[in-house]
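K.L.:
Here's my sequence, what's the structure:
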Amino acid sequence: MRRKTQIVLAITFLVAALVSSFSYIYVSQMLRQRVTYARDTAAALDSQIAYIAAKAVIPDLADTRVDTKNPAKVRRAIADYLATNLDLNTVLESVAGNWPMLYDAAIVDVDGIAILHTDAALIGKAVPARPDFQIVQDAKFRKQLRLVYNPPTLYEVRMPLQLNGQDFASIRLGVSTVFLKNDINRRLEHAVVFSGISILLSVLLAAGLSHIALGPLERISRSLDSVTAGEAEAISEVEAGHDEYGLVTLKIAHLGRQMRDAKEIFSALKDNVDQIMGNLQDGLMLFTRDSRVVLVSASVERFLGRPRRELLGRTVKEIFTQNSSLGALVLDGFQLRHAIAQSEVESSNGKMVQVSLDFIQERGSPIGALLTLRDAESVRRIQDEIEVSRQMSASGRTTRGVAHEVKNPINAIVLHLQLLQSKLQEIDPDTRRHMDIIGNEIHRLDRVVQILVDFTRPRDLRLEEIDLRRLLEDVIMLATPEAEQHGVSVERTLGTEPLGVKVDLDVMKQAILNVVLNGMQAMPHGGVLTISARQDEDSVVTEIRDQGVGIPHDLQEKIFELYFTTKKGGSGIGLAQTYQALQWHYGSIDFETAEGQGTIFRLRLPAVEIRDEAGGGDGPAVAPSLSAPS
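P.N.:
Reported below is the predicted structural model:
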């Protein structure tokens with residue numbers, strides 16, 4: 001069956017189902033409406049009869065022979081009176097004639113004996129119980145239809161009558177399904193005929209319109225075939241027309257041109273990618289979901305010793321073997337679907353290679369993998385160059401600070417030299433004072449220059465592997481007098497495991513002490529200084545937390561600059577020395593601060609394994625004198 005035929009049949013079936021559903025709803029609502037009408041009519045008559053019975057004038061039974069002390073005789077007397085009430089008899093006799101769906105009407109006492117009945121033969125006799133008409137009204141459509149069209153059944157609608165707050169009798173109106181069916185049949189036949197005609201017309205109309213609407217599908221299909229083959233023809237707006245089909249035709253033609261342009265762009269991009277991959281220093285290999293190579297850079301030939309054309313299209317098991325360290329690492333990563341992060345192994349040609357493997361995912365599903373190969377020696381060389389650049393940057397910041405400090409003494413010297421030259425020609429007692437000023441300024445300039453020399457001078461570090469906890473204990477011991485002077489208590493959290501670092505003991509001790517003393521001086525009214533140390537992956541982190549006033553936001557970028565200080569009498573050297581010392585040891589320093597809450601300094605150093613922990617206690621002694629930080 002053709003797709004067009006399938007669509008026509010689907011649309012036709014959908015319309016037919018829709019019209020049938022509406023017809024079903026219409027018929028069901030019509031039937032329910034008639035049933036509800038019958039129920040409401042009977043209920044209204046019940047209410048009318050109850051009203052007439054309640055308004056009936058009951059004679060004074062005390063003047064009769066009825067024993068008023070006997071409730072049963074009283075009820076019997078009232079029932080006899082109601083049976084002779086002209087209004088009640090008139091209403092009950094009119095029920096069957098005026099309302100065709102009602103079969104009979106009766107007033108029955110609590111014992112089931114008919115007080116009044118449209119059938120005179122049943123007066124004074126027991127009336128059989130009938131099902132409540134509410135069953136028919138509450139039923140669903142199909143059950144309601146069965147109840148009405150099943151063998152004839154009498155239902156009744158009841159309403160109680162009360163005497164002095166107690167049930168005295170009940171009003172019962174009988175509803176015949178025969179009468180109800182006769183009332184419904186005519187309307188139901190019209191509804192069924194109307195629904196059948198509607199369904200037939202809708203099917204024919206849907207089939208015809210869908211056939212006309214889907215007629216151009218064949219031409220659209222041919223246009224798509226030509227686009228797929230790359231032979232899209234240029235179609236003008238006049239040829240296509242302005243209807244929906246014309247717009248679709250124009251869009252297909254436009255899509256064909258876009259696909260042709262995209263194909264040309266893809267070819268150009270492929271050439272550019274091949275050129276880029278040929279110039280890359282790193283070896284890149286892109287694998288598909290089934291571990292097959294689709295992209296290889298030229299540098300891979302240098303790492304694997306095989307030309308690129310032999311690698312494209314092959315699987316990872318065809319390229320690498322378990323015989324080499326590189327192959328075993330890569331194959332294990334693919335087999336376990338485990339990424340490799342910068343692992344250094346030996347390649348087949350004996351060179352050390354840094355390997356990384358990343359699995360590419362889209363919406364949680366793997367779609368490929370990227371293998372990167374780098375020359376380990378080149379990576380280390382680049383890292384050394386970066387470190388040199390960092391040190392040069394630090395030196396530049398230092399030089400700018402020193403130039404600013406040197407400017408003021410030089411200006412003072414020049415000014416006083418000019419005054420001295422004018423006064424040497426005459427005897428003046430102030431000459432000595434100017435000479436003293438010049439001498440003092442020269443000495444100050446000398447100190448500044450000396451600090452600059454010491455700060456920028458390359459230093460030979462005496463590196464040794466130590467437990468950082470021991471170094472921190474030495475720093476705490478040196479800082480204890482300063483802590484007592486400022487009313488500061490020192491708390492330490494150093495753990496039980498050794499924290500191995502490779503540092504120049506004196507330089508690093510001075511660097512950490514600078515930060516500790518700064519934290520104490522930031523708490524002029526006392527407080528708690530917390531020193532903690534822990535290992536974080538490949539680094540050892542030292543945290544120094546104070547409860548001082550914090551560092552203002554506008555000064556946070558300047559605290560590591562040489563000569564920058566906010567303390568009266570401070571030199572602005574301490575934190576700059578700490579920053580430089582951490583750079584020398586390939587570490588880093590950063591901080592977190594909040595004004596009024598304190599500051600946390602973090603010092604990071606590369607972690608090492610301590611080879612001889614027992615011998616670590618014989619390290620160099622604490623330096624006898626240390627310069628004060630800013």
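
K.L.:
who does the helix or strand hosting Asp87 touch, helix- and strand-wise?
P.N.:
Secondary structure from DSSP states H and E places Asp87 in helix 86-98. Secondary-structure packing of helix 86-98 (3 or more C-beta pairs under 8 Å, 6 or more residues apart in numbering; DSSP states H and E): helix 3-55, strand 102-109, strand 114-117. Quick note: C-beta positions are derived from backbone N, CA and C, even for glycine.

K.L.:
next one: the first one to chain centre, how far?
P.N.:
Taking C-alpha atoms, centre = their mean, to the nearest Å, one finds helix 3-55 lying 49 Å from the centre of the chain it belongs to.

K.L.:
relative orientation of it and helix 86-98 in degrees?
P.N.:
Orientation check (axes from the mean of the first three to the mean of the last three C-alpha atoms, to 10 degrees): helix 3-55 against helix 86-98 gives 160 degrees.

K.L.:
model confidence over helix 3-55, on average?
P.N.:
Mean pLDDT, computed over helix 3-55, is 79.

K.L.:
What is that helix packed up against?
P.N.:
Helices and strands touching helix 3-55, by 3+ C-beta pairs under 8 Å, 6+ apart, are helix 86-98, strand 102-109, helix 134-138, helix 141-149, strand 154-163, strand 166-176, helix 177-213, helix 217-228.

K.L.:
Tabulate those (TSV), appending mean pLDDT.
P.N.:
Putting the helices and strands packed on helix 3-55 into TSV (pLDDT from 0 to 100) gives the following:
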stretch	mean pLDDT
helix 86-98	78
strand 102-109	85
helix 134-138	87
helix 141-149	84
strand 154-163	84
strand 166-176	83
helix 177-213	76
helix 217-228	67
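
K.L.:
would you turn the helices and strands packed on helix 86-98 into JSON lines with distance to Gly548?
P.N.:
Putting the helices and strands packed on helix 86-98 into JSON lines (distance: least, C-beta to C-beta, whole Å) gives the following:
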{"stretch": "helix 3-55", "distance to Gly548": "77"}
{"stretch": "strand 102-109", "distance to Gly548": "98"}
{"stretch": "strand 114-117", "distance to Gly548": "103"}
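
K.L.:
Quick check: which of the ones you listed is nearest to Met259?
P.N.:
helix 3-55 (23.0 Å; C-beta to C-beta).

K.L.:
quick one: which of the helices and strands packed on helix 86-98 is nearest Ser195?
P.N.:
The nearest among those, by C-beta to C-beta, is helix 3-55 at 3.2 Å.

K.L.:
Go through the helix holding Asp87 and flag the buried ones.
P.N.:
Leu88, Val91, Leu92, Val95, Ala96 (16 or more other C-beta atoms under 10 Å).

K.L.:
about what we covered before: most neighbours per residue, which of the helices and strands packed on helix 3-55?
P.N.:
For the helices and strands packed on helix 3-55, ranked by mean neighbour count under the definition mean count of other C-beta atoms under 10 Å, the leader is strand 102-109 at a mean of 23.

K.L.:
Could you export that one as PDB, CA atoms only?
P.N.:
Output in PDB follows, covering the C-alpha atoms of strand 102-109 (Å, rounded to 0.1, in the frame of the first residue of the first chain):
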ATOM      1  CA  LEU A 102     -46.100   7.500  34.500                       C
ATOM      2  CA  TYR A 103     -47.900   4.200  35.000                       C
ATOM      3  CA  ASP A 104     -49.700   4.700  38.300                       C
ATOM      4  CA  ALA A 105     -49.700   6.700  41.600                       C
ATOM      5  CA  ALA A 106     -50.400   5.700  45.200                       C
ATOM      6  CA  ILE A 107     -50.200   6.800  48.800                       C
ATOM      7  CA  VAL A 108     -49.000   3.800  50.900                       C
ATOM      8  CA  ASP A 109     -48.800   3.700  54.700                       C
END
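
K.L.:
relative to helix 86-98, how tilted is it?
P.N.:
150 degrees.

K.L.:
residues making contact with strand 102-109?
P.N.:
Applying C-beta atoms under 8 Å, 6 or more residues apart in numbering, the contact partners of strand 102-109 are 38, 41-42, 45, 49, 53, 75, 79, 82, 88, 91-92, 95-96, 114-119, 122, 127, 154, 161, 168-176, 179.

K.L.:
That one pairs with which strands, and in what direction?
P.N.:
On the basis of DSSP bridges, the sheet neighbours of strand 102-109 come out as strand 114-117 (antiparallel), strand 166-176 (antiparallel).

K.L.:
now the last one and strand 154-163, what's the angle there?
P.N.:
I take that to be strand 166-176. 160 degrees.

K.L.:
The closest residue to Leu205 other than its chain neighbours: how many residues sit nearby?
P.N.:
Nearest residue to Leu205 in three dimensions, chain neighbours excluded: Val15, at 7.6 Å (C-beta to C-beta, 6 or more residues apart in numbering). Close neighbours of Val15, defined as other C-beta atoms under 10 Å, add up to 19.

K.L.:
Could you confirm Ser489 falls within a strand?
P.N.:
Yes. Counting by DSSP: H, G, I helix; E, B strand; the rest coil, Ser489 falls inside a strand.

K.L.:
Now do the strands in the stretch 451-600 of the chain.
P.N.:
Assigned by DSSP state E, counting those that start in this stretch, the strands in the stretch 451-600 of the chain fall at 463-467, 488-493, 500-504, 527-536, 539-545, 588-594, 598-606.

K.L.:
Tell me which helix or strand in this structure has the weakest average pLDDT.
P.N.:
helix 237-240 (a mean of 48; mean pLDDT, DSSP states H and E).

K.L.:
any chance you could map the strands in the stretch 201-350 of the chain?
P.N.:
Under DSSP E, counting those that start in this stretch, the stretch 201-350 of the chain gives strands at 283-287, 293-296, 340-346.

K.L.:
for these, which one sits closest to Arg186?
P.N.:
When these are ranked by proximity to Arg186 (C-beta to C-beta), strand 293-296 comes first, at 77.6 Å.

K.L.:
Now render the helices and strands packed on helix 3-55 as a markdown table, adding distance to Pro552.
P.N.:
Listed next are the helices and strands packed on helix 3-55 as a markdown table, based on distance: least, C-beta to C-beta, whole Å:
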| stretch | distance to Pro552 |
| --- | --- |
| helix 86-98 | 99 |
| strand 102-109 | 96 |
| helix 134-138 | 80 |
| helix 141-149 | 81 |
| strand 154-163 | 89 |
| strand 166-176 | 91 |
| helix 177-213 | 74 |
| helix 217-228 | 67 |
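
K.L.:
Go through these and name the closest to Trp584.
P.N.:
The nearest among those, by C-beta to C-beta, is helix 217-228 at 66.3 Å.

K.L.:
just to revisit the earlier point, identify the residues contacting the residue nearest to Leu205.
P.N.:
Val15 neighbours (C-beta under 8 Å, 6+ apart): Ser202, Val203, Leu205, Ala206.

K.L.:
Name the nearest residue to Gly556, sequence neighbours excluded.
P.N.:
Not quite, residue 556 is Gln, not Gly. Nearest to Gln556 is Thr593, by C-beta to C-beta, 6+ apart, at 6.9 Å.
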